[in-house]
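Enquirer: One predicted model, sequence on top.
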Amino acid sequence: MSAENKTPDFDYVKEIWNVADFVRDVIKTSEYNRVVLPFTMLRRLECALEPTRDAVCQAYEEHQDPADWGAENDNYCLISKKSFYNVTNFRLNSLGSSDTLEALMGYIDGFSENARNIMKRFRMEETCKTLDEQGMLYLVCTKFGAFDLSPEAVSDREMSNIYEHLIQKFGESIAENAEDFMTPRDVVRLAVGMIFANDDELMSSDSGIVRTLYDPTMGTGGFISDALDQLEEWHKKQKMVAPAVIVPYGQEVAPESWAMGKAAMLLRNANSTGKDVYDQMKDMSAHIEYGNTLTDDKFTYERFDYILSNPPYGKKWEKEQADVMAETKYGFSGRFGAGLPSVDDGSMLFLQHVVSKMKQREDGGSKAGIVLSASPLFTGDAGSGPSNIRRWLFEKDVIDCIVKLPEAIFFRTGINTYLWILNSAKPEERKGMIQLIDASECKSSLRKNQGNKRYEVGPDDRRWIIDTYINGHDHGKSVLVPSETFMYRKVTTQRPLHAMLRFTEASVYYAASAKPLQKLSDENQTILADYLETKWKELKEEPFAYDMTDVFAKEVRAKMQKPEVTAAVIAKAIRDNCTVKDPSYPVVTDKNGIPMPDPDLKDSENIPFGTSFEEYMEQEVLPYAPETWIDETVRDKGPLQDGQVGVVGTNISFNKFFYHYEEPRKPEEIAKEIMELESGLEGFMKEFL
C-alpha cells in the first residue's frame, strides 16, 4: 500500500498477519514468525533506503572494483545518507517470478554488513526455500512490497508496536510463556521522565554533551526508542542548536527481538529532516549486542549514565544457573555478590546487574529505572538471597523511589508491577532515604482493551507522579522514609524446658530399640531392655527427675560386656523416648545450672531497626511468655554480616503506609439485600410461569 493510499487507521498487524495466513498450508502456525518478522524488517529497511537507492546503485557501478570502493565501503553511506545501504537494484516487488530465491538472497547480500547481520539473524533462508518450492515466495515478496513502512509513514514507536503485537500473536498461537512482553509507551514515558528529572544539564545544556543510555533486556528496543524520542521532543521545544546527545547501548537474548531492536536503532536517523549528513549517518545500532545478559555480559567494563530495563517477570534462570553460580565466587567483584534469588524468578539478578552498571558518585553517578513485579519487594526470609540483595541495595544507598503502578497496564500480564528508580548520586537531602509512591489509581481506561492492557498512565497522571517524586511530597500517597524502616533483625527466642521422665511399657521399648543403640551386641541389648523394664515396674510409671537419665545410663552400661556405645548415647535414647513435658514440672538445667531450651518452643521475632531488644521483648513477648529469652548464639552471617545478635532481614511493604481499612458492611444490611433479591426472584418466577 502506497503512502498516499494508506488510511490513518490502516491495521498493519492485521494485514501482515494475513500474509502469514496466506501461507498457512505451507508454513506451520508455530513458524509464522519466520515469515512475518524478517519480511517486515526487510521492507522497513527497503523503504528507508528508497529515496537514495538509485544514487547508491549508480555509485556502486562506478566504484565496484575491489581496488576501488568495492561492495563494502562506508562511502556509500555518504550517498544513502544513512548508516547503512544496499548496492543492488532489487526491491521486494521486483525480484522476478523466476529464480526468486536466488534474487532474494542476492538482495540481502547487497546490504551493508550492519544491516546484513540483522537479516541473517532471522535465519530465513530455509523458510524461503520452502515457499519457493511451493511457488509462493514471489507472492509473499510482492505482498510485503506493497506495505508502506517508511519512517515518514510509520514512526519508530509505531514500528516497535507492530513488531511487539506480531510477537504477541505468536504467543497466542503457539502458547509461548506470557512473561515476555513489551513495555507500553505510557510506562516508558513515566520511567524516562523520572530518570531524567532534575537533570538540568541534560535537559537544558546547548553545548553538545554526550550521555549513555543502556537497556540490558532491550527486546525490540521500545524503551530506548521512546527515551530518545522524548528527549528530542523536549529539545525541539527549546529550539537548541547543540542539545545533549544520547548514545544507546543494549543487549537482547532472543534473536528475532534483537534483530528488530538493532534495526530500530539502525533506522534511528532514517527520517532526519533538518539534520546534517553527519547526523544522518550515525549508526545508532553500533552498541546493540546479541547475547544473554546474565551469562555473557557484552559490556563488562562499561558504566552508563542512564539505564532502563523491564526484565521478564517470573523467568526461571535454570539455564543460566551454572554461569551465575560461577560468578558468585568473585563476590562483590562480580555482579551477584549480594546473593541469589530463587531459581524460579531471575528478576533480582537483573536488578543487581543494573546496579553493577551504574557509575560511582565521584564519576557523576547514574540513574536507572527498572520495572519489576511485587516479589522483589518482600520475598525471602532474613538472611536469604533476596533479603540480602535488598540489604545490599540499602547499604549502597541506590534505591531512590519505588512507584506502585496501576493494574492491567501491560499487554500480556495483569500482575502488580512496580517502577524502581535507582540513583547512585542522591542529593544530600535524600541520602539514606527511600520514597514510596502509591500510583495504583493513577490510570484512565482505554477505549479498547489491548490484550490485558485495560488502562494507561495518562500525561496528567505521569506529571503528578514525577512532581511527587521531585518534590518528595508526603500527602497520603507518598512517603519518604529512612531505608532502615524496611530492615529488621530476626532474633531466635527460647523458652525453658519443663520436663520429667516417665517409664511406660511403650516408652522403654522404644528407648531400647532406638537406632543409635543398634550397635550394641544382642547380649548387651538384652541387658538394656531388662534394665529398663525393671525400672518401669519399680517406678510404676511415676515421673522422676530429668537428670536421673545419666545415673540410669551409667548403671546399665556398667552391667554390659564391652559396651559399644557411651553412657551419653544411652541417656539420650532414654530422654528422646521417655520425656514428658508439663508447665508444672521443674525447669531442666544443664550441669552449670543454666536452663535448657525446649526445642518445641523455639521461635523467632522480627525486631525493627532502631528498637531495642529489651524494649521489644517487654512490650511484645514477655507479657505473654514471661520465661522467654533471646538466643544470643544466633548471629548475623553472610556476605554482609555484622556479627551481631539476630539475622538482618529486609521487607519493603506498601501496605504499611498505604493500607486503608474498610469497615465491613453490617449483617442486617446484607440480610436485607438478600431478602430483596429473593423477593424479586420469586416475583420473576411467578410471572415467568
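Expert: Happy to help now that I have it.
Enquirer: what's the burial count for residue 558?
Expert: 9 (other C-beta atoms under 10 Å). (Each C-beta comes from the backbone N, C-alpha and C, glycine too.)
Enquirer: same question but for residue 30, I mixed them up
Expert: With neighbours defined by other C-beta under 10 Å, the count for residue 30 comes to 12.
Enquirer: Likewise for residue 62?
Expert: 10.
Enquirer: name the element it belongs to?
Expert: Assigned by DSSP states H and E, residue 62 belongs to helix 53-63.
Enquirer: Pull out the buried positions in that helix.
Expert: Across helix 53-63, burial judged by 16 or more other C-beta atoms under 10 Å covers 53, 56, 57, 59, 60, 63.
Enquirer: any idea which helix or strand comes after that helix?
Expert: Toward the C-terminal end, the helix or strand that comes next after helix 53-63 (DSSP H and E) is helix 75-80.
Enquirer: Show me which of the buried residues of helix 53-63 is closest to residue 456.
Expert: Checking the buried residues of helix 53-63 against residue 456 by C-beta to C-beta gives residue 53 as the nearest, at 38.9 Å.
Enquirer: Surely that closest one touches residue 88?
Expert: No: using C-beta atoms under 8 Å as the test, residue 53 is too far from residue 88 to be in contact (9.0 Å).
Enquirer: For the stretch 101-250 of the chain, give me the ranges with low pLDDT.
Expert: 167-182 (pLDDT under 70).
Enquirer: Redo the buried residues of helix 53-63 as JSON lines? Include pLDDT and distance to residue 411.
Expert: Listed next are the buried residues of helix 53-63 as JSON lines, based on pLDDT from 0 to 100; distance: C-beta to C-beta, whole Å:
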{"residue": "53", "pLDDT": "93", "distance to residue 411": "35"}
{"residue": "56", "pLDDT": "95", "distance to residue 411": "38"}
{"residue": "57", "pLDDT": "95", "distance to residue 411": "41"}
{"residue": "59", "pLDDT": "95", "distance to residue 411": "43"}
{"residue": "60", "pLDDT": "93", "distance to residue 411": "43"}
{"residue": "63", "pLDDT": "94", "distance to residue 411": "47"}
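Enquirer: Quick one: these as JSON lines, columns for distance to residue 625 too.
Expert: Converted to JSON lines, these look like this (distance: C-beta to C-beta, whole Å):
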{"residue": "53", "distance to residue 625": "83"}
{"residue": "56", "distance to residue 625": "84"}
{"residue": "57", "distance to residue 625": "87"}
{"residue": "59", "distance to residue 625": "88"}
{"residue": "60", "distance to residue 625": "87"}
{"residue": "63", "distance to residue 625": "89"}
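Enquirer: Closest to residue 165 out of these?
Expert: Among these, and counting by C-beta to C-beta, the member closest to residue 165 is residue 53, at 28.8 Å.
Enquirer: For that closest one, give its distance to residue 207.
Expert: Distance, residue 53 to residue 207, using C-beta to C-beta, to the nearest Å: 37 Å.
Enquirer: What residues sit buried inside stretch 286-295?
Expert: In terms of neighbour count (16+ other C-beta under 10 Å), stretch 286-295 has its buried residues at 287, 288, 289, 290, 292, 293, 294, 295.
Enquirer: surely the second one meets residue 262?
Expert: Spelled out, that is residue 288. Yes: between residue 288 and residue 262 there is a contact at 4.6 Å, judged by C-beta under 8 Å.
Enquirer: what is in contact with these two at once?
Expert: Residues touching both residue 288 and residue 262 (C-beta atoms under 8 Å, 6 or more residues apart in numbering): residue 221.
Enquirer: for the stretch 401-550 of the chain, which spans come out with low pLDDT?
Expert: By pLDDT under 70, the low-scoring segments of the stretch 401-550 of the chain are 412.
Enquirer: hmm, who's touching stretch 557-576?
Expert: Here stretch 557-576 has contacts from 501, 511-512, 514, 516-517, 519-521, 523-524, 527-528, 531-532, 546, 549-550, 552-554, 556, using C-beta under 8 Å, 6+ apart.
Enquirer: before we move on, which element is residue 344 in?
Expert: Per DSSP H and E, there is no helix or strand for residue 344.
Enquirer: That one: how many residues sit nearby?
Expert: By other C-beta under 10 Å, 11 other residues sit near residue 344.
Enquirer: Ignoring the adjacent residues along the chain, who's closest to it?
Expert: residue 316 (5.6 Å; C-beta to C-beta, 6 or more residues apart in numbering).
Enquirer: part of a helix, is the one you found?
Expert: No: applying DSSP: H, G, I helix; E, B strand; the rest coil, one finds residue 316 to be coil, outside a helix.
Enquirer: That one: how many residues sit nearby?
Expert: By the criterion of other C-beta under 10 Å, residue 316 has 15 neighbours.
Enquirer: What residues does it make contact with?
Expert: 343, 344, 345, 346.
Enquirer: List the neighbours of the helix holding residue 62 that are in contact with it.
Expert: Counting by C-beta under 8 Å, 6+ apart, residues outside helix 53-63 touching it are 49, 69-71, 73, 75-76, 79-80, 85-89.
Enquirer: Give me the buried subset of those residues.
Expert: Buried, going by 16+ other C-beta under 10 Å: 49, 69, 71, 73, 76, 79, 80, 85, 86, 87, 88, out of the contacts of helix 53-63.
Enquirer: Tabulate those (a markdown table), appending distance to residue 434 and pLDDT.
Expert: Listed next are the buried ones among the contacts of helix 53-63 as a markdown table, based on distance: C-beta to C-beta, whole Å; pLDDT from 0 to 100:
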| residue | distance to residue 434 | pLDDT |
| --- | --- | --- |
| 49 | 49 | 92 |
| 69 | 57 | 93 |
| 71 | 56 | 89 |
| 73 | 53 | 92 |
| 76 | 52 | 93 |
| 79 | 54 | 92 |
| 80 | 49 | 90 |
| 85 | 50 | 94 |
| 86 | 52 | 95 |
| 87 | 56 | 95 |
| 88 | 57 | 94 |
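Enquirer: and the two most separated of those residues?
Expert: By the measure C-beta to C-beta, 49 and 69 form the most distant pair in the buried ones among the contacts of helix 53-63, at 17.3 Å.
Enquirer: mind listing what's buried in stretch 560-571?
Expert: Burial within stretch 560-571, assessed by neighbour count using 16+ other C-beta under 10 Å, is assigned to 560, 563, 565, 567, 569, 570, 571.
Enquirer: Which of those scores worst on pLDDT?
Expert: Among the buried residues of stretch 560-571, residue 563 has the lowest pLDDT, at 88.
Enquirer: State the distance from that residue to residue 501.
Expert: Residue 563 is 21 Å from residue 501, by C-beta to C-beta.
Enquirer: swap in residue 235?
Expert: 84 Å.
Enquirer: And for residue 629?
Expert: As judged by C-beta to C-beta, residue 629 and residue 501 stand 24 Å apart.
Enquirer: neighbour count winner among those two?
Expert: Set residue 629 next to residue 501 and count neighbours by other C-beta under 10 Å: residue 501 wins out with 21 against 15.
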